[in-house]
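Visitor: generate a structure from the sequence data that follows.
(chains A and B)
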Amino acid sequence: MRNNYQSRKALSRGDLLLGLVGIYLIYLLYASGFFTAEAWADFNRRFYQNFVKDRRYMMLVDGLKATIFMTSGATLIGLIVGLILSVIRVAHKGGAKIPVLNWLAESYITVLRGTPAMVQLLIWNFTIFASARDLNTQYIAILAFGLNSGAYIAEIFRGGIEAIDPGQMEAARSLGLSYGTSMKRVVLPQALRNIIPMLFNEFIALLKETSVAGYIGIDDLTRAGQNIQALTLEHSQPLVMVAIIYLVIVMLLTKFVSKLEQWLSRGRRR
Amino acid sequence: MKKFLALVLVLILASSAFAAENPAKLKTTSQLKTEKLAAQRGTVGQYIAEDLLGDKKGDLLTTYEKYVDAVSALLQGKVRAIIMDEMPAKRFIASVEGLAIMDEALSEENYAMGFKKGNAELVAQVNKALAEIKADGTLDKIFAKYYETFLAGDSSSIKPEDIDFNKGAKGGKLVVGTEAGFAPYELKVGSGFIGIDVEMCAAIAKKLDKELVIINMNFDALPMAVSTNKVDLICAGITVTEERKENMDFSDNYVVGAKQVALVKADDYEK
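Guide: The predicted model follows:
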């Protein structure tokens, strides 16, 4: 986090560079006649065509609904799968005799993290669920993205727990607490501080990942923008609008995560 | 500070280099053999462009998922021509300024609906229904309706609500896969679909006493969808080719002699 000393420092080279590039881009816009009245009228006309006419903004709203539905559903599945996998992995390391389960969990994580989510989505839809015709495709997408995300979430849980100093567990055990109680009362509360922000990052990544769902026939937010493009034959505005919607959601989530981080680290010695 | 100035200079030089104009205009389609071309992925336009370019296709051919992307690339000068079907090309001309179609057609193709290999029963049913709507003039009416509106640049007068999808039919569902970015054949409007293919499939579904369900996916995913039974048939202005016949069964043709043309920039074309 940026401290007071840094923010008082004079403008850095990076800031200057960014400023110059910005000025250059504005100059380019100016040179291409973007700031003239005609250009504005044209911009407004195209905006009307793309989003207002025939209530076309509803296509984006419906797309956003599908995107949020898929992301939330997939996160839920991911959390459940991730929790189970990480419990197996951590318990195995903690001395439980479950080599087969641990091997299965490891293989699952290797395979699902080692292949692109889009390829997995296509395999789920066209190979595994090939005969499921009356099933809403969005459920298949939720399953595909959820199982994929589960592998990442498992590693987030495991990493968060293993980042806690083993001394904490040893101290708790030496005070006579059982393994389970030490985990629940000493290790996990500390691990959560690391885990929760990373979980939200995974949620953000997943939100953007669902943009490939158009491939299996789901009109998500990205696809809704492309549908408007096909309708109005205009390239830039629908895509930029879609990008802005994603960006606003991600920025809101990021803001929330940083507030959450502050809240979680309250009372922590610095 | 010198570094920043150098960077700005490089940016200015680079942008002026990209803006350089190519002086020689296009006249005949034979010139396209050495030009940068675009096509939609998996379409006949792509195969024709590949034939035109021969060994150079790796360097000169760009395939796009959506026609809108290809048209943007054309207007920005990233490609010199798009190889595509004449009807959708005409719709682009009617709605986007600065485009032209080269007079000389590259080939003529027939459109048909695609089925899973060996699904003879459904092919026969659809062919029978297709013959009926051809005979009673329904199909001609559908074509005429879209020629009058879409190709004149009017994309709002046809509403998806007006198309009868035969909801709640007793004979079950007829699931049709398409790529709804290919007006006037298929287009997504709001939450519904319009287009020649859509209305034709609706008329066929009615004859079969089935409810029409449209699934909108990417064009290059359509053969996969029909071969895995995700959809009953695919109808997306699909050209019948010998190669495709090896992996798919086709209905009778519903468009004969659809031209494949080169869409170019108007100021880059000299008739």
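Visitor: from here on, contacts and neighbour counts on C-alpha atoms
Guide: OK.
Visitor: residues contacting A:Asp62?
Guide: The contact partners of A:Asp62, by C-alpha atoms under 8 Å, 6 or more residues apart in numbering or on different chains, come to A:220-221, A:224.
Visitor: what about chain B: which of the residues you listed touch it?
Guide: When C-alpha under 8 Å from any C-alpha of the partner chain is applied, no member of those is adjacent to chain B.
Visitor: output the residues you listed in a markdown table, with distance to B:Val189 and pLDDT appended to each entry.
Guide: Below are the contacts of A:Asp62 laid out as a markdown table (distance: C-alpha to C-alpha, whole Å; pLDDT from 0 to 100):
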| residue | distance to B:Val189 | pLDDT |
| --- | --- | --- |
| A:Asp220 | 15 | 93 |
| A:Leu221 | 15 | 95 |
| A:Ala224 | 10 | 93 |
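Visitor: in JSON lines, list these along with neighbour count.
Guide: Compiled in JSON lines, the contacts of A:Asp62 are given as follows (neighbours: other C-alpha atoms under 10 Å in any protein chain shown):
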{"residue": "A:Asp220", "neighbour count": "27"}
{"residue": "A:Leu221", "neighbour count": "30"}
{"residue": "A:Ala224", "neighbour count": "29"}
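Visitor: closest one of the residues you listed to A:Ile249?
Guide: Nearest to A:Ile249 among those, counting by C-alpha to C-alpha, is A:Leu221 at 12.1 Å.
Visitor: for B:Leu26, what are phi and psi?
Guide: Here is the backbone geometry of B:Leu26 (degrees, to the nearest 10): phi -80, psi 140.
Visitor: nearest spatial neighbour of it, chain-adjacent residues omitted?
Guide: Distance criterion C-alpha to C-alpha, 6 or more residues apart in numbering or on different chains; nearest residue to B:Leu26, sequence neighbours excluded, is B:Tyr269 at 4.8 Å.
Visitor: pretty sure that neighbour sits against B:Thr29.
Guide: No - in this structure, B:Tyr269 is not within contact of B:Thr29 by C-alpha atoms under 8 Å, at 10.6 Å.
Visitor: relative to chain A, how far out is B:Asn253?
Guide: For B:Asn253, the distance to chain A (C-alpha to the nearest C-alpha, to the nearest Å) stands at 26 Å.
Visitor: give me the phi and psi for the spatially closest residue to that residue that is not a sequence neighbour.
Guide: Spatial nearest neighbour of B:Asn253, chain neighbours left out: B:Ala112 (4.5 Å); criterion: C-alpha to C-alpha, 6+ apart. In this entry, B:Ala112 is assigned phi and psi values of phi -150, psi 170 (degrees, to the nearest 10).
Visitor: gap between B:Ala112 and chain A?
Guide: To chain A, B:Ala112 is 21 Å away according to C-alpha to the nearest C-alpha.
Visitor: before we move on, the earlier item: next, the residue nearest to B:Leu26: phi, psi?
Guide: Dihedral angles for B:Tyr269 - degrees, to the nearest 10 - are phi -130, psi 130.
Visitor: who's in contact with it?
Guide: By C-alpha under 8 Å, 6+ apart, the residues touching B:Tyr269 are B:25-27, B:100, B:102.
Visitor: let's see the pLDDT reported for it.
Guide: With respect to pLDDT, B:Tyr269 scores 91.
Visitor: please report how far it lies from chain A.
Guide: 21 Å.
Visitor: what is the burial count for residue 63?
Guide: Just going to use chain A. Per other C-alpha atoms under 10 Å in any protein chain shown, the neighbour tally for A:Gly63 reads 22.
Visitor: if you could check chain B rather than the one you did, that'd help
Guide: Residues near B:Thr63, counting by other C-alpha under 10 Å, number 19.
Visitor: over to the one 10 residues further on?
Guide: Taking other C-alpha under 10 Å as the criterion, the count of residues near B:Ala73 is 20.
Visitor: beyond the host helix or strand of it, next helix or strand please.
Guide: Taking DSSP states H and E as the criterion, B:Ala73 maps to helix B:67-75. Where DSSP H and E defines the elements, the next helix or strand beyond helix B:67-75 is strand B:81-85.
Visitor: sheet partners, orientation included, of that following strand?
Guide: Strand B:81-85 has the following strand partners under DSSP bridges: strand B:37-40 (parallel), strand B:255-265 (antiparallel).
Visitor: got a pLDDT number for the residue in the stretch 151-270 of chain A that chain B sits nearest to?
Guide: Residue of the stretch 151-270 of chain A nearest chain B, by C-alpha to the nearest C-alpha: A:Gly217 (4.2 Å). On pLDDT, A:Gly217 comes in at 84.
Visitor: ditto for the one 5 residues further on
Guide: pLDDT, A:Thr222: 94.
Visitor: from the chain's centre, how far out does the strand or helix carrying B:Gly58 sit?
Guide: Assigned by DSSP H and E, B:Gly58 belongs to helix B:57-60. Mean C-alpha position of helix B:57-60 versus that of the full chain (C-alpha atoms, centre = their mean, to the nearest Å) differs by 22 Å.
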